[in-house]
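Enquirer: Pasting a predicted model and its sequence here:
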Amino acid sequence: MCAEKATSVSSGSQGEERESWGNRVEFLLSCVGYAVGLGNVWRFPYICYKSGGGAFLIPFTFFLLVAGIPLFFLELSLGQYGRSGPITVWRCAPLFTGIGYCMCLVCFVVSLYYNVIISWCVFYLYHSFTLQPLPWASCHNPWNTDSCVLHTSPPMPVSCRDPLSNSTSAGCNVTKHPKSAAEEFYYNNVLGISAGIEQWGSFQPHLVLCLLLAWVLVYAVLYKGIQSLGKVSYFTAVFPYFLLSALLVMALTLPGSWDGILFYIRPEWGRLLEPAVWKDAAGQVFFSFGISWGCLIAFSSYNNVHNNCLRDAVIVSCLDWLTSLFAGFVIFAVLGFMAHQQGTAISEAVSEGPGLAFMAYPTIVTKLPLPQLWSALFFAMLVILGCDTQFAIVESVVTGLSDRFPSVLRRHKSLTTLALCCVWFVLGLTMCTSGGLFILVLLDTYAAGVNLLIVGIAELLVMSWAYGGTRLSEDIEFMIGRPVSRLWPTMWAFVTPFALAFVLVVSLLDYSRPSVAGQVFPIWADCIGWSLVLISTSLIPITALVNIIQSQDTSTSLAENIKFLLKPDETWGPTERREKKIFVEDKLDHYV
């Protein structure tokens, strides 16, 4: 009776042949493309810059070792063994299927604003195809203000500068708060930023069109599923490294660039005593590695069951870590140049915010030969990096829902993808307004923060204590063909959960309301953000309660039902492993 009920609760198990990657390289490159995205180029340098430069690298590396790699390995193992998406994979412990729903909701919200960032890249890419000087290379545009500065020192207002002689007119005072041309292009032209989140303003038509193009691109790739995604990854996962290398070489030739590098690698040891630095490091590991989102589970579910997931986890994790550091060198070299140009300290060179890559990178592009070409290549790279990650996020949601409702959605997977892309586009229009940046920062702060820590802790506790560390190690041994070190079960059961719990507590104690360009979010916006956290994490206990109610009857006690729902159901695991277990059990019964 209990077995029948557990099967009905965890519907969506694999009853048909599942598609798979063309080969192991396609899976590996797709994982690299997913992990190495805008988080490395846009978010990591921003968080590192905000946290005092080199001091941030110490907690970032620490959480990579104690949280990033262990959880990365765990999710690859879980998806590969279960051959299921982020929802139905929890047939291993049906009571906690809410973890999968929480993952899908997080991916849904992140995908909503992530493609808006990609649309900004598309807009920059469009403006790169011009025979005229790049629009962010000049202070003589309609969107520029008197604070705009190019190469003068000290900087001068546009109204005081003679465009022919670049001299100062009599009676003019230099501005005390200079802004680069790229910074003004980003805030005033691209975003048309308003005074606060309360003032949404009107739609920015160019952003609406770019967002539409971004979603068309996503659907065009995912229409064919992982087969086309795997082929595309051969280019998208490798090309960005060549361009980043070229940009670094060119950046190091600019004055002040080495000052930026030194600021990046020289730790401010006092910053290590600030809880916010450790909190940001853990958040960056989760964001950059994409753990606790369900994407790794979805990707690995299309693997051969005997693929060496341990090797893949280590390779992808190390590449992601190295790419983050490498991108940081490029960014800080540019920050050093910008500080030298503006005559300010490096910590004051650029205002904090997600637009760092849209101000620092465009500045260096204008200093290269053939700037239009380099700009087009650079923003094409950003589009590729962003789309690689976006493909994985969207595929995670589609795979999760298709596996959960196979009779309705899996048979029409392309239509399911199309419908979701349309919903995302419509909701994303709110971030194409003048107040869109404030909405984006609000979602970015709450959608993938505290709730990811809670999901990560829940994953570890369920797999280590409910499913069992010994059983999990045996499953991995079955897949890779050799025993795994006892270090991994110890990390999953004790070290990693403790580290994440510590960061969770510190995050809550050190919390402060987010801000954009000096504008602190109002209380009502803060409440909306925390409501999002509560809704996503509450899916775990709510779904557990629903499963208990559905499986309850008069023939079993509540404790018996809960105990049974903590055990894997009859469809969990590879078919050959289940048949082997049944054979062994039958033999034991025969001899007894």
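Expert: Yes, it's here. Numbering: from 1, shown residues only.

Enquirer: can we go C-alpha only for contacts and neighbour counts from here?
Expert: OK.

Enquirer: Surely residue 218 touches residue 392?
Expert: No. Counting by C-alpha atoms under 8 Å, residue 218 stays clear of residue 392, with 10.1 Å between them.

Enquirer: which of these two has more neighbours?
Expert: residue 392 (27 against 21; other C-alpha atoms under 10 Å).

Enquirer: Need the three-state assignment for that one.
Expert: Using DSSP: H, G, I helix; E, B strand; the rest coil, the structure places residue 392 in helix.

Enquirer: just checking, it touches residue 295?
Expert: Yes. Between residue 392 and residue 295 there is a contact under C-alpha under 8 Å: 5.9 Å.

Enquirer: what residue ranges in the protein score low on pLDDT?
Expert: The model of the chain has pLDDT under 70 over residues 1-17, 151-177, 349-356, 554, 576-592.

Enquirer: What segments of it are strands?
Expert: In the chain, the strands defined using DSSP state E lie at 148-149, 179-180, 515-516, 519-520.

Enquirer: JSON lines for those, including mean neighbour count?
Expert: Below are those laid out as JSON lines (neighbours: other C-alpha atoms under 10 Å):
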{"stretch": "strand 148-149", "mean neighbour count": "27"}
{"stretch": "strand 179-180", "mean neighbour count": "25"}
{"stretch": "strand 515-516", "mean neighbour count": "18"}
{"stretch": "strand 519-520", "mean neighbour count": "14"}
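
Enquirer: Tabulate those (CSV), appending distance to residue 502.
Expert: Output for the strands of the chain, formatted as CSV (distance: least, C-alpha to C-alpha, whole Å):
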stretch, distance to residue 502
strand 148-149, 44
strand 179-180, 39
strand 515-516, 25
strand 519-520, 27
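
Enquirer: In space, what's closest to the residue most central in space within the chain - neighbours in sequence excluded?
Expert: Against the mean C-alpha coordinate of the chain, by C-alpha atoms, centre = their mean, the closest residue is residue 287 at 4.2 Å. Sequence neighbours aside, residue 39 is the residue nearest to residue 287 in space, at 6.7 Å (criterion: C-alpha to C-alpha, 6 or more residues apart in numbering).

Enquirer: can you pull the contacts of the one you found?
Expert: Taking C-alpha atoms under 8 Å, 6 or more residues apart in numbering, we find residue 39 in contact with 284, 287-288.

Enquirer: go on, residue 298?
Expert: Here residue 298 is in contact with 79, 84-86, 395-396, 399-400 (criterion: C-alpha under 8 Å, 6+ apart).

Enquirer: Tell me which two of the residues you listed sit farthest apart.
Expert: Comparing all pairs in the contacts of residue 298 by C-alpha to C-alpha, the longest separation belongs to 79 and 395, at 13.8 Å.

Enquirer: quick revisit: residue 319 is nearest to which of the strands of the chain?
Expert: Among the strands of the chain, strand 515-516 comes nearest to residue 319, with 31.5 Å by C-alpha to C-alpha.

Enquirer: Residue 475 and residue 80 touch, don't they?
Expert: No. Between residue 475 and residue 80 there is no contact under C-alpha under 8 Å: 10.2 Å.

Enquirer: In terms of packing, which of these two has more residues around it?
Expert: Between residue 475 and residue 80, counting by other C-alpha under 10 Å, residue 80 is the more crowded of the two (30 against 20).

Enquirer: what about the more buried one, distance to residue 436?
Expert: Applying C-alpha to C-alpha, to the nearest Å, the value for residue 80 to residue 436 is 39 Å.

Enquirer: What is the burial count for residue 567?
Expert: For residue 567, using other C-alpha under 10 Å, the count is 19.

Enquirer: Also the one 5 residues further on?
Expert: Each residue near residue 572 was counted by other C-alpha under 10 Å, and the total is 24.

Enquirer: In this structure it contacts residue 80, no?
Expert: No. In this structure residue 572 lies outside contact range of residue 80 using C-alpha under 8 Å: 11.6 Å.

Enquirer: From the contacts of residue 298, pick the one nearest residue 432.
Expert: Residue 432 has its nearest neighbour among the contacts of residue 298 in residue 395, at 24.0 Å by C-alpha to C-alpha.
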